[in-house]
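>>> I would like to see how this sequence folds:
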Amino acid sequence: MTIGLPLFDQSPWNNIADALREKEHFVLCTHQNPDGDGLGAQLGLWEYLKNQGKSVSIINPDPLPTRYEFLNTEKQFQGYDQGLHDKVLDAAEVAIFLDFSRWDRLGAPLEAKMRDIGALTVCVDHHPVEDGPATLNGLDETAAATGQLAYELIRSMGGQLTPVMATGFYTSILTDTGSFRFSNSDSRAHRVTAELLETGIDPSVLYEKVYGEWELSRLRLMSLSLANMESLDEERVLLLPVTRQMIDEVGAHETDAEGFVDVARSVRTCECVVLLVEREGNQTKLSFRSKGRVNVQVIAESLGGGGHLYAAGATVSGNVQDARELVYHALKEGRFVSETS
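The predicted model follows:
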């Protein structure tokens, strides 16, 4: 049974649908350090627009992570290069931002270019947005994933689902629900997933692609990070560091740290985990996870980020130790840890 989609009869979703029908030249972007949700949503929407005879490019601030190479069916995922892509961006009639709603998530080079193009800007996201980058904002915080929203939008337009589209959208939901373990794995998400599976995609194969084909360097990086994990407030809060030195020592990449936060979250006494990943350019990416008692969205927002009650993130200036001090102060200010921790 096809899900009902009353949301998409309303503005701004109907305006977004009109743009997809009427315009011819599109560019799709997701955030820095792209994850399965943003990338899966891009693949599904790219396939749909291509099948409608549209010109569509995927241009992201960072290259495609190795673990998601299986999505790169026609080498369509490209990391932004000014010399290669500025003409493409200038020709775009519509720029669609997937899974982010703040300019700074694009990274400085691509942000500067996107602010300058004349295309209609559209945001499709399941995170809250204030003063976002887009003219049209298709937002639904109740959705499990951005890929779910992109799928539902296409279905509301009468679009035909293909296995390639289903692969992308399933990857979105799989990764943003923690393999259907998180509280956002609601009946709506499972109904969408059922429709995706009807195309013949194999969930066991996709699970293996996403979670079962890591490089050995990732395990070595995880070992170093766990060995340096810090416990606060009688193991209620865990801080998991990933420094540049660790990354370089084992020959890994900062994107290999994706998922570490969920390993630490499995500790019985833990209520909140913060993963601190040191990036190039003297920045540290923070990923917050909660089991429900700690509102990590509030903590992330206090540090210039955002997200949801149980999962949020931010990027701050400085190395891991600098970021640790900021996080600790934010936790104390919010009374999530005691003064003596």
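>>> Near Ser179, how many other residues are there?
Ser179 has 14 neighbours, counted by other CB atoms under 10 Å. Heads up, the C-betas are built off the backbone N, CA and C, glycines and all.
>>> Might one say that it is in contact with Ser204?
No: Ser179 is not in contact with Ser204 according to CB atoms under 8 Å; the separation is 11.7 Å.
>>> Beyond the longest helix anywhere in the chain, next helix or strand please.
Longest helix in the chain, counting residues (DSSP state H): helix 36-51. For helix 36-51, the following helix or strand on the C-terminal side (DSSP states H and E) is strand 55-60.
>>> And the strands in the stretch 51-200 of the chain?
55-60, 77-79, 94-98, 120-125, 136-139 (DSSP state E, counting those that start in this stretch).
>>> out of those, which comes closest to Gly313?
strand 120-125 (13.4 Å; CB to CB).
>>> circling back to that earlier point, single out the most deeply packed of the strands of the stretch 51-200 of the chain.
strand 94-98 (a mean of 26; mean count of other CB atoms under 10 Å).
>>> in its sheet, what does that strand sit against?
strand 25-29 (parallel), strand 120-125 (parallel) (DSSP bridges).
>>> Send me the first one as PDB with only the CA atoms.
Below are the C-alpha coordinates for strand 25-29, written out as PDB (Å, rounded to 0.1, in the frame of the first residue of the first chain):
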ATOM      1  CA  HIS A  25      19.200  22.400 -15.200                       C
ATOM      2  CA  PHE A  26      19.900  21.300 -11.600                       C
ATOM      3  CA  VAL A  27      22.800  21.000  -9.200                       C
ATOM      4  CA  LEU A  28      22.500  18.900  -6.000                       C
ATOM      5  CA  CYS A  29      24.700  19.600  -3.000                       C
END
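>>> how does the protein divide into domains?
Domain ranges of the chain: 6-211, 216-333, per automatic domain parsing.
>>> In TSV: these, plus mean pLDDT.
Shown next, in TSV, are the domains of the chain (pLDDT from 0 to 100):
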stretch	mean pLDDT
domain 6-211	94
domain 216-333	93
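>>> re the thing from before, name the residues contacting each of Ser179 and Ser204.
Counting by CB atoms under 8 Å, 6 or more residues apart in numbering, Ser179 and Ser204 have no shared contacts at all.
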